[in-house]
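*Asks:* sequence below, structure please.
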Amino acid sequence: MPWYELDNANDNKLDELAKRFHLHPLHIEDARSKDETVKVDTERNYTFAVLKPVRLVQDPDNPADQNPVFTPIDLFFGKDFLITVSDPTCPATQQALSRARRDGDDDNPSHLVYLILDTIVDLYFPAIDHFDERIDALEDEVVDRPDPAILQAVFSIKRDLIDLRRVLVNTRDAALHLQRDPNTLVDPEHQPYIRDTYDHIVRLLDAVETQRDLLNNTLDIYLTSVANRTNEIMKVLSVLGTAALPVVAISGIYGMNIKGLPFTDSPYGAEWVGLITLIAIIFMVYIFRKLKWL
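*Replies:* Numbering: from 1, shown residues only. Take a look at the predicted model:
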């Protein structure tokens, strides 16, 4: 069985293969589109599939972190041929193709397609583990020291999980299409393997949903911690402001130059007024401590 491996969708050889195997022009257009979503379309004599393996790439803004990147791989497979269009610089794509070359059956395109799909799905598990570690680290930090940088990290992970979930949902639908489409070219022998891969995708989606819930909880903890910290600061400022009221009241009264006030004629008047003010402040602090406000 011939297997045609192309490194560039704009290769003229793809046009020659399209004429030979009667590939639909819209599928050729999809293969040459960089923004095409994961999907499976079945024609009378072949099946067209767009899959997206994931790989983790270092974040340029935060070298200590990694972001998921999706690189498409296009498959055209019939009963007696297989055409793959992939990026040769993507290690995830090349890993899937290498496994198919090593373990696949050259006479059975269904087996090759299963190996490619299964490898692509398995590559999502390390990405899920990576996000688990990031979320665990955020949960520890948000309790110990809530910081605005944590909020940015939470929203960054939420965006990555949204992208991851979108691709996984489409991959799940594609695997379901390979199972249930009456015109699918995946033979009955490999249908159970496709169902097993579908179960793996469902597990991945459950893990993504759990991580999104954990992120929401982390965000709630952050907001609660910030609110509690703000309340503590406002409480201290309120207590200090209240404790300073005797100083304001006494200094305001003596500042009006009213005759007959106590200690106005005493040579130690300022010292007596200061002592009375200090006693009033100490008394108020004592009351606050008794009421457990301070």
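*Asks:* just the helices in the stretch 101-250 of the chain please.
*Replies:* Ranges of helices in the stretch 101-250 of the chain, per DSSP state H, counting those that start in this stretch, are 109-122, 124-144, 148-180, 191-243, 245-254.
*Asks:* and these as TSV, adding mean neighbour count, distance to A49 and mean pLDDT?
*Replies:* For glycine as for every other residue, the C-beta is placed from the backbone atoms N, C-alpha and C. As requested, these are exported to TSV (neighbours: other Cβ atoms under 10 Å; distance: least, Cβ to Cβ, whole Å; pLDDT from 0 to 100):
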stretch	mean neighbour count	distance to A49	mean pLDDT
helix 109-122	23	7	91
helix 124-144	16	17	87
helix 148-180	17	6	89
helix 191-243	15	12	86
helix 245-254	13	76	76
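*Asks:* so for R55, which of the ones you listed sits nearest?
*Replies:* helix 124-144 (8.2 Å; Cβ to Cβ).
*Asks:* neighbouring contacts of the closest one?
*Replies:* Identification of contacts with helix 124-144 by Cβ atoms under 8 Å, 6 or more residues apart in numbering yields 54, 56, 65-66, 68, 147, 150, 153-154, 157, 160-161, 164, 168, 204, 207-208, 211, 214-215, 218, 221-222, 225.
*Asks:* out of the helices of the stretch 101-250 of the chain, flag the one nearest N8.
*Replies:* helix 109-122 (18.5 Å).
*Asks:* surely P88 meets Q94?
*Replies:* Yes - under the criterion of Cβ atoms under 8 Å, P88 makes contact with Q94 at 6.7 Å.
*Asks:* compare those two (neighbour count), which wins?
*Replies:* Neighbour count, other Cβ atoms under 10 Å: between P88 and Q94, Q94 has more, with 16 against 12.
*Asks:* got the contact list for that one?
*Replies:* Residues near Q94 by Cβ under 8 Å, 6+ apart: S86, P88.
*Asks:* same thing but at 10 Å, please
*Replies:* Contact analysis of Q94 by Cβ atoms under 10 Å, 6 or more residues apart in numbering lists P53, T71, I73, S86, D87, P88.
*Asks:* filter these to the buried ones?
*Replies:* Buried residues within the contacts of Q94, counting neighbours by 16 or more other Cβ atoms under 10 Å: P53, T71, I73, S86, D87.
*Asks:* got these as CSV, with secondary structure, pLDDT and distance to N231 columns?
*Replies:* Listed next are those as CSV, based on DSSP: H, G, I helix; E, B strand; the rest coil; pLDDT from 0 to 100; distance: Cβ to Cβ, whole Å:
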residue, secondary structure, pLDDT, distance to N231
P53, coil, 93, 48
T71, coil, 91, 48
I73, strand, 94, 53
S86, coil, 91, 56
D87, coil, 89, 53
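*Asks:* and which of these is nearest G252?
*Replies:* Nearest member of these to G252, counting by Cβ to Cβ, is T71, at 73.8 Å.
*Asks:* quick check: that closest one touching Q95?
*Replies:* No - if you go by Cβ atoms under 10 Å, T71 and Q95 don't touch, sitting 11.4 Å apart.
*Asks:* what do those two both touch?
*Replies:* P53, R55.
*Asks:* who does the closest residue to D181 other than its chain neighbours bridge with?
*Replies:* Spatially, and ignoring its direct neighbours in sequence, D181 is nearest to T42 (5.2 Å; Cβ to Cβ, 6 or more residues apart in numbering). Using DSSP bridges, the beta-bridge partners of T42 come out as T47.
*Asks:* going forward, count from 805.
*Replies:* Yep, numbering from 805; the last one is T846 now.
*Asks:* low-confidence ranges, the stretch 805-954 of the chain, go.
*Replies:* Residues of the stretch 805-954 of the chain that meet the criterion pLDDT under 70 lie in 805, 867-868, 910.
*Asks:* what residues of whichever strand or helix holds V1089 count as buried?
*Replies:* V1089 is part of helix 1073-1094 when elements are defined by DSSP states H and E. For helix 1073-1094, a neighbour-count test (16+ other Cβ under 10 Å) marks V1077, T1081, A1084, M1088, V1089 as buried.
*Asks:* A helix includes V861, no?
*Replies:* No - judged by DSSP: H, G, I helix; E, B strand; the rest coil, V861 forms no part of a helix; its state is strand.
*Asks:* name the nearest residue to it, sequence neighbours excluded.
*Replies:* V873 (4.8 Å).
*Asks:* stretch 873-881: end-to-end distance?
*Replies:* 26 Å (Cα to Cα, to the nearest Å).
*Asks:* tell me the secondary structure of P1071, please.
*Replies:* Relying on three-state DSSP, one would call P1071 coil.
*Asks:* for D811, which of the helices of the stretch 905-1054 of the chain is the nearest?
*Replies:* Closest approach to D811 among those (Cβ to Cβ): helix 913-926, 15.8 Å.
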